[in-house]
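*Asks:* Take a look and give me a structure for this.
(4 chains)
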Number of protein chains: 2
Amino acid sequence: MTRSQRPATKRITIKDIAQAAGVSISTVSNVLNDRSDAMTEQTLERILAVMDELDYRPNLMARGLVTRRTATIGVVIAEIETPLFLQSLSFMESIAREASYNLLISKAHTIEDEKQAIKVLTAKQVDGLIFLSVSQYTDDDHLNELRRLDMPVVFVNRATLHDDFDHVNWDDTAGVDQATEHLIQLGHRHIAHLRGPLSRQSGANRLEGYRRALERHGLTYREDYVKPGDYTVSPEQWQQSTLELLDLSPRPTAIIASDDIVAAVVMKAIQQAQLRVPYDVAVIGFDDQHFSPFLHPALTTVRLPVLAAGKCAVEMVLGKIAGERTESEHVKLPCTLIIRESCGATT
Amino acid sequence: MTRSQRPATKRITIKDIAQAAGVSISTVSNVLNDRSDAMTEQTLERILAVMDELDYRPNLMARGLVTRRTATIGVVIAEIETPLFLQSLSFMESIAREASYNLLISKAHTIEDEKQAIKVLTAKQVDGLIFLSVSQYTDDDHLNELRRLDMPVVFVNRATLHDDFDHVNWDDTAGVDQATEHLIQLGHRHIAHLRGPLSRQSGANRLEGYRRALERHGLTYREDYVKPGDYTVSPEQWQQSTLELLDLSPRPTAIIASDDIVAAVVMKAIQQAQLRVPYDVAVIGFDDQHFSPFLHPALTTVRLPVLAAGKCAVEMVLGKIAGERTESEHVKLPCTLIIRESCGATT
DNA sequence: ACGTTTTACTAAAACGTTACAGTTGATCGG
DNA sequence: CCGATCAACTGTAACGTTTTAGTAAAACGT
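*Replies:* Alright, predicted model coming up:
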């Protein structure tokens, strides 16, 4: 156990290796860059041995300075603390790591934050930039700055801005459409919706999907069947909205919530009103958060392709970096209806 | 709108600024490093103007090469996809950003992964390293490698290894103790526990806290009141375990679950057995995940100080970097009992 | 045996900063 | 008015790599 007491840890560099192996630094650099064909087996082994013995680790900053590559992708993520996006981030890391890339992260909730984040991430010489679910509204100024960077940039879950940027989005509209369709197939004719904030793309899209499915089946869209389930209003109000829905005539036999948290509250309100889910009222959520299968009853919900989106985004920037992809791409991933107990299809 | 078509974006450097402003690069460097006292107001402004006009951004890699500072902290995080730790990570980013630091992240689930992560993060010259909830068991080899780095390292939520490392932990034992105490105060005498995996620190600690509270009150610890609620077993088995507990005589009047997800399943099982929470059986969870307030009934649970721990960890490495802290510290943060509906105290 | 190719290297110039040791020319105290 | 201090700079050597252009010696073909 050679535990040295503050050994004044001399940083060992390529120079030290060269010296110890009795070669030039160029040769050492060659082995570092897998150009081992340019030297004797014997020299290679000697260098390798010295590296190992001295526990040499190349300084990637110094390397990056000349190669202009850092093997690092910057991720700007919205402040919103939803587990879903963090999960996506986590998955991005997995994909990036397979390609030996790391993620440098920076949260941003205002446009100012975002600009600042771009500044520091690029100053740190990231090879590409991913924007995860950040502010929907951006000025041209901002976009031009991004264009000027001349660096792979992809937006995930942000309203499509301009065609020259890469985008990965998911199709909430189709997701809710599918959920509504499912309820209709199960015989429901009175379907209510606790919608998200209309100021957000997701809120508007989901309402649209609900409406679209109803119309396709010739069911009338009733204003009073739609109530706000925003995160801008409180859970108490979601509960209140649910109770109001239950008082309507005819009483809705199904409620589509804007997300799983809202759905949990909706189910709770229904149960407190002495009604049963799904027998009296079916409930469908949105997001497929990790707790949804464990609710009582297990929640039928629409799963967002957050993992696939993360993977896609990382692959897009890696492709751009490698020069394989050049055209800007707009990917729209489908959502999946996850049927559990709360809609009555499985019981 | 000066949208240039691939302007062959010449990277502008400190040299360009110097030239354009008619000064030496040293002077420009001085303004970059806030040594504006060493020049005329007029020169300063001229340089600033040129910087602004040319949209200059210092290359932090080049700077880092000479200062040996990157303003980046490496975070190695366990693969386990629990939202809780991701939330902690997210909060760490906030704290780090206040100090103008960024987080370079790398997941690791095996020791090999971890070693690899250390290698690349240090190669990228991070200024400090935080281990978030990674593998409990490490070889001395591994630790020595970390010591050799001569770099601030703090472990969060890892079993204390050696005193010369910094640690931030939370006191699960006291947390469950407190939860159990609360139930006892409410008059419960038959309290069961769905424990976590004993191979993990958290599982063992929580069982210990449960036991400790019982003993303090002279209540007998019954083997059959404790069943595994591991994530190593399936939700179906948690449900099964719950039903078995309900069949015991005397029937437990309260169940403490090893975490909130398990608690949700426990509540579900109880309700499916036509019993009511909390009237027939009280339930307490652990973690205070974001969905817990929305369960039916809202879950009483023990909140882990994941945010505080993240903050603490970041502050510890920043302190070490700044040279303010030198001693190794071992912080143990308290958990908080969050009383909601599922234990019957508020209804 | 001679020119040519190949092999196994090496020297030195980048990359974009900071840091330190100077160097001017002006100001100042006595 | 002279040496000393000071203000406002500048020149250049690092930092640890990669890369390009080269070189000396060995191998090869004829």
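
*Asks:* For chain A, name the helix or strand with the lowest mean pLDDT.
*Replies:* Every helix and strand of chain A was ranked by mean pLDDT, DSSP states H and E. The lowest is helix A:140-149, at a mean of 83.

*Asks:* Which SSE is immediately downstream of it?
*Replies:* Toward the C-terminal end, the helix or strand that comes next after helix A:140-149 (DSSP states H and E) is strand A:153-156.

*Asks:* for that next one, packing partners?
*Replies:* When contacts are defined as 3 or more Cβ pairs under 8 Å, 6 or more residues apart in numbering or on different chains; DSSP states H and E, strand A:153-156 sits against strand A:128-132, strand A:166-170, helix A:306-322. Backbone N, C-alpha and C define where each C-beta goes, glycine included.

*Asks:* model confidence over the second one, on average?
*Replies:* Predicted confidence along strand A:166-170 averages 94 (mean pLDDT).

*Asks:* got the buried residues for the helix or strand following that strand?
*Replies:* Sequence-wise, the next helix or strand downstream of strand A:166-170 (DSSP H and E) is helix A:172-185. Across helix A:172-185, burial judged by 16 or more other Cβ atoms under 10 Å in any protein chain shown covers A:172-184.

*Asks:* other SSEs contacting helix A:172-185?
*Replies:* If you count contacts as 3+ Cβ pairs under 8 Å, 6+ apart, helix A:172-185 packs onto strand A:191-195, helix A:201-216, strand A:254-257, strand A:282-287, strand A:300-303, strand A:336-338.

*Asks:* quick one: what helix or strand has the residue positioned nearest the centre of chain A in it?
*Replies:* The residue lying closest to the centre of chain A (Cα atoms, centre = their mean) is A:S88, at 3.7 Å. If you go by DSSP H and E, A:S88 is part of helix A:83-98.

*Asks:* Flag every buried residue along that helix.
*Replies:* Here helix A:83-98 shows A:83-93, A:95-97 as buried, counting by 16+ other Cβ under 10 Å.

*Asks:* do stretch A:69-76 as well
*Replies:* Using 16+ other Cβ under 10 Å as the test for burial, stretch A:69-76 gives A:70-76.

*Asks:* Same list (those residues) but as TSV, adding secondary structure, distance to chain B and pLDDT.
*Replies:* Shown next, in TSV, are the buried residues of stretch A:69-76 (DSSP: H, G, I helix; E, B strand; the rest coil; distance: Cβ to the nearest Cβ, whole Å; pLDDT from 0 to 100):
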residue	secondary structure	distance to chain B	pLDDT
A:T70	coil	7	97
A:A71	coil	8	97
A:T72	strand	7	98
A:I73	strand	11	98
A:G74	strand	9	98
A:V75	strand	9	97
A:V76	strand	11	95
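
*Asks:* Next, give me the two most distant ones among those.
*Replies:* Pairwise distances across the buried residues of stretch A:69-76 (Cβ to Cβ) peak at 18.4 Å, for the pair A:A71 and A:V76.

*Asks:* circling back: quick one: which of the buried residues of stretch A:69-76 is nearest to A:F165?
*Replies:* Once Cβ to Cβ is applied, the member of the buried residues of stretch A:69-76 that ends up nearest A:F165 is A:V76, at 13.6 Å.

*Asks:* does the closest one really touch A:A108, like I thought?
*Replies:* Yes: the criterion here is Cβ atoms under 8 Å, and A:V76 meets it with A:A108 at 5.3 Å.

*Asks:* between those two, what contacts are shared?
*Replies:* By Cβ atoms under 8 Å, 6 or more residues apart in numbering or on different chains, A:V76 and A:A108 have these common neighbours: A:114, A:117, A:134.

*Asks:* tell me the contacts of the closest residue to the last one other than its chain neighbours?
*Replies:* Computed as Cβ to Cβ, 6 or more residues apart in numbering or on different chains, the closest residue to A:V134 that is not its neighbour in sequence is A:A78, at 4.7 Å. Neighbouring residues of A:A78 by Cβ under 8 Å, 6+ apart: A:85, A:107-109, A:132-135.

*Asks:* what pLDDT does A:A78 get?
*Replies:* 86.

*Asks:* Check A:R200 too.
*Replies:* For A:R200, pLDDT reads 83.

*Asks:* From A:D163, how far off is it?
*Replies:* 22 Å (Cβ to Cβ, to the nearest Å).

*Asks:* between these two, which one's more packed in?
*Replies:* A:R200 (16 against 9; other Cβ atoms under 10 Å in any protein chain shown).

*Asks:* Give me the distance between that one and DNA strand D.
*Replies:* A:R200 sits at a distance of 45 Å from DNA strand D (criterion: Cβ to the nearest atom of the strand, to the nearest Å).

*Asks:* Same check on A:H217?
*Replies:* 61 Å.

*Asks:* and that residue, what does it touch?
*Replies:* A:H217 sits next to A:181, A:184 when contact means Cβ under 8 Å, 6+ apart.

*Asks:* what do you get for the one 3 residues further on?
*Replies:* Residues touching A:T220, when contacts are defined by Cβ under 8 Å, 6+ apart, comprise A:L214.

*Asks:* any idea of the pLDDT on A:R3?
*Replies:* Looking at A:R3, its pLDDT reads 35.

*Asks:* before we move on, back to that, what subset of the shared contacts of A:V76 and A:A108 is also close to DNA strand C?
*Replies:* With Cβ under 7 Å from any atom of the strand as the criterion, the shared contacts of A:V76 and A:A108 include none near DNA strand C.

*Asks:* and A:K332, how many neighbours?
*Replies:* 13.

*Asks:* starting at the chain centroid, how far to the least confident helix or strand of chain A?
*Replies:* Between the centre of helix A:140-149 and the centre of its chain there are 22 Å (Cα atoms, centre = their mean, to the nearest Å).

*Asks:* swap in stretch A:48-57?
*Replies:* With Cα atoms, centre = their mean, you get 39 Å for stretch A:48-57.

*Asks:* Need the mean per-residue confidence for it.
*Replies:* Averaging the model's pLDDT scores along stretch A:48-57 yields 95.

*Asks:* Report the buried residues of it.
*Replies:* A:50-51, A:56-57.

*Asks:* Tell me the one of those nearest DNA strand C?
*Replies:* Nearest to DNA strand C among those is A:V50, at 12.8 Å by Cβ to the nearest atom of the strand.

*Asks:* Does DNA strand D have contacts with the helix or strand the closest one falls within?
*Replies:* According to DSSP H and E, A:V50 maps onto helix A:41-54. No: Helix A:41-54 is not in contact with DNA strand D by Cβ under 7 Å from any atom of the strand; minimum separation 10.3 Å.

*Asks:* Run the contact check for that helix versus chain B.
*Replies:* No: counting by Cβ under 8 Å from any Cβ of the partner chain, chain B has no neighbours in helix A:41-54; the shortest distance is 11.8 Å.

*Asks:* Kind regards, and thank you for your time.
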